[in-house]
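Asker: got a predicted structure plus its sequence, pasted below:
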Amino acid sequence: MERVYNFAAGPAAMPLEALETAAREMTCYGATGMSVMEMSHRSKMYLAIYEETVSLVKELMHVPDSHTILLLQGGATQQFAAVPMNLMTGSGRADYIDSGNFAHGALVEAQKYGKVSAVASSREDNYRAIPAWDAAKFDPEADYFYITTNNTIFGTRYAALPDTGRVPLVADMSSNILSEPYDVSRFGVIFAGAQKNIGPAGLTLVIVRNDLLGRCMPITPKIMDWQKQAENGSMINTPPTYAIYMAGLCLRWLKKQGGAEGIEPVNIEKAKLLYDFIDNSRLFRGTADPASRSRMNVTFVTDSPDTDAEFVKQAAAKGLVNLKGHRLVGGIRASIYNAMPIEGVKALVEFMKEFERHV
């Protein structure tokens with residue numbers, strides 16, 4: 001069977017080059033005589049893989065020496081608790097922008113550990129847009145300010161970041177990390193589940209400013225203590241060794257594309273192809289506010305849920321799979337992360353044209 005175009009929101013498509021390399025190396029990595037899956041995480045052979053992956057993150061994201069890179073487990077959801085446990089120890093307060101389901105989940109989790117203020121929210125508008133914020137409402141004594149840079153379910157993205165002054169900016173970048181350049185020095189903490197733009201599920205990337213280490217609450221489990229993880233090279237327990245290896249392969253591929261700077265114009269072009277067709281369609285309609293549209297997750301609907309379902313069914317038969325919208329909102333969603341080639345987006349648009357003609 002030929003490979004399909006996989007529009008899944010995550011776990012998502014990975015670069016074919018990375019998958020083919022992993023297939024060749026599955027039973028024997030280099031001259032080691034064993035699979036990466038079989039290696040001790042403390043062995044010299046595995047540590048070289050680990051260190052290359054960290055080095056690629058540092059290079060591709062231009063991570064300054066003022067920040068530490070951690071490769072952890074638990075997904076972004078674990079960081080919903082780790083963030084307040086590590087940071088909410090000064091004033092005991094934090095500001096959040098409630099821009100989507102995951103941002104809201106993080107806000108609710110943080111309320112267990114201190115006082116949380118939702119300084120802006122688009123929840124009542126079903127998260128159609130990134131909410132406008134008023135900097136006058138920001139707490140200058142907050143321990144941190146939290147955002148989710150891209151909202152996978154609702155298909156929205158921050159076009160500009162809030163200026164939080166001296167308050168550390170914390171960002172969940174799970175669904176758009178490495179798809180465009182960010183100035184890491186602007187952030188106190190960046191974290192991301194790997195399963196969208198970095199590699200397979202099981203790995204969580206955390207980048208934390210060094211002066212924010214060592215502040216955690218006494219109740220913080222050591223596995224969630226960034227300071228302890230930094231001191232132990234992210235190896236308090238066995239790390240997700242194979243996921244880290246796969247991330248390294250995906251990052252090698254991204255480096256060949258010119259890194260985030262090189263892939264951004266490609267991502268802009270892919271998103272424009274799809275949005276331009278939707279905006280001029282008589283059948284399909286975008287669900288996110290145009291000013292907040294995501295480049296990674298394009299959400300849209302037809303004139304009825306039944307037609308949505310028929311579209312998803314027929315698309316799958318054409319090798320365009322995983323287009324069903326999230327269960328919370330329904331509709332249709334095309335996730336077009338870094339590894340989705342422009343040919344896949346073109347194929348989707350052509351099928352949408354065909355489907356529209358016959359409805």
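Answerer: Structure received. Treat the numbers as computed from the prediction; the structure is a model and nothing was measured.

Asker: can you give me the neighbour number for the closest residue to Asn101 other than its chain neighbours?
Answerer: Once flanking residues are discounted, Asn101 sits nearest to Ile153: 5.0 Å by C-beta to C-beta, 6 or more residues apart in numbering. (C-beta placed from N, C-alpha, C; glycine too.) When neighbours are counted by other C-beta atoms under 10 Å, Ile153 registers 19.

Asker: do the same with Ser122
Answerer: Counted with other C-beta under 10 Å, Ser122 comes out at 22.

Asker: my guess is it meets His104, correct?
Answerer: No. Shown here, Ser122 and His104 do not form a contact pair, counting by C-beta atoms under 8 Å, at 10.2 Å.

Asker: overlap of the contact sets of these two?
Answerer: The contact sets of Ser122 and His104 overlap at Asp98 (C-beta atoms under 8 Å, 6 or more residues apart in numbering).

Asker: SS state for Asp306?
Answerer: With DSSP: H, G, I helix; E, B strand; the rest coil as the basis, Asp306 sits in helix.

Asker: roughly how far does it sit from Val312?
Answerer: 11 Å (C-beta to C-beta, to the nearest Å).

Asker: the more surrounded of those two?
Answerer: Comparing Asp306 with Val312 by other C-beta under 10 Å, the one with more neighbours is Val312, at 18 against 9.

Asker: where's the more buried one, which helix or strand?
Answerer: Per DSSP states H and E, Val312 falls inside helix 305-317.

Asker: what's the average pLDDT for the very next helix or strand once past that helix?
Answerer: Using DSSP H and E, the helix or strand that follows helix 305-317 in sequence is strand 320-321. The average pLDDT within strand 320-321 is 98.

Asker: which strands or helices does strand 320-321 pack on?
Answerer: strand 5-6, helix 342-357 (3 or more C-beta pairs under 8 Å, 6 or more residues apart in numbering; DSSP states H and E).

Asker: ok, and what's touching the first one?
Answerer: Spelled out, that is strand 5-6. Against strand 5-6 from outside (C-beta under 8 Å, 6+ apart): 12-13, 319-322, 340, 343-344, 347-348.

Asker: same thing but 6 Å
Answerer: Contacts with strand 5-6, where a contact means C-beta atoms under 6 Å, 6 or more residues apart in numbering, come from 13, 320-322, 344, 347.

Asker: now those as TSV including neighbour count and distance to Arg293?
Answerer: TSV is the format used below for these (neighbours: other C-beta atoms under 10 Å; distance: C-beta to C-beta, whole Å):
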residue	neighbour count	distance to Arg293
Ala13	24	20
Leu320	22	20
Val321	16	23
Asn322	20	20
Gly344	20	19
Ala347	16	21
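
Asker: could you dump the residues you listed into a markdown table with distance to Asp134 added?
Answerer: What follows is the contacts of strand 5-6, written out as a markdown table (distance: C-beta to C-beta, whole Å):
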| residue | distance to Asp134 |
| --- | --- |
| Ala13 | 39 |
| Leu320 | 42 |
| Val321 | 42 |
| Asn322 | 38 |
| Gly344 | 40 |
| Ala347 | 43 |
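
Asker: tabulate the CA atom coordinates of stretch 164-176 in PDB.
Answerer: Provided in PDB are the C-alpha atoms of stretch 164-176 (Å, rounded to 0.1, in the frame of the first residue of the first chain):
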ATOM      1  CA  THR A 164       4.900  40.800  30.100                       C
ATOM      2  CA  GLY A 165       7.700  43.000  31.200                       C
ATOM      3  CA  ARG A 166       9.700  41.400  34.000                       C
ATOM      4  CA  VAL A 167       7.200  38.600  34.600                       C
ATOM      5  CA  PRO A 168       8.400  35.400  33.000                       C
ATOM      6  CA  LEU A 169       6.500  34.400  29.900                       C
ATOM      7  CA  VAL A 170       5.600  30.700  29.900                       C
ATOM      8  CA  ALA A 171       4.400  29.100  26.600                       C
ATOM      9  CA  ASP A 172       3.000  25.800  25.600                       C
ATOM     10  CA  MET A 173       4.200  25.500  22.000                       C
ATOM     11  CA  SER A 174       3.100  21.900  21.500                       C
ATOM     12  CA  SER A 175       1.500  22.400  18.100                       C
ATOM     13  CA  ASN A 176       3.600  25.000  16.500                       C
END
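
Asker: buried ones in it, by neighbour count?
Answerer: 164, 167-176 (16 or more other C-beta atoms under 10 Å).

Asker: closest one of the residues you listed to Leu60?
Answerer: Leu60 lies nearest to Met173 out of the buried residues of stretch 164-176, by C-beta to C-beta, at 13.1 Å.

Asker: measure that closest one to Ser179 for me?
Answerer: Applying C-beta to C-beta to Met173 and Ser179 gives a distance of 9 Å.

Asker: and Asp134, by the same measure?
Answerer: On the measure of C-beta to C-beta, Asp134 and Ser179 end up 28 Å apart.
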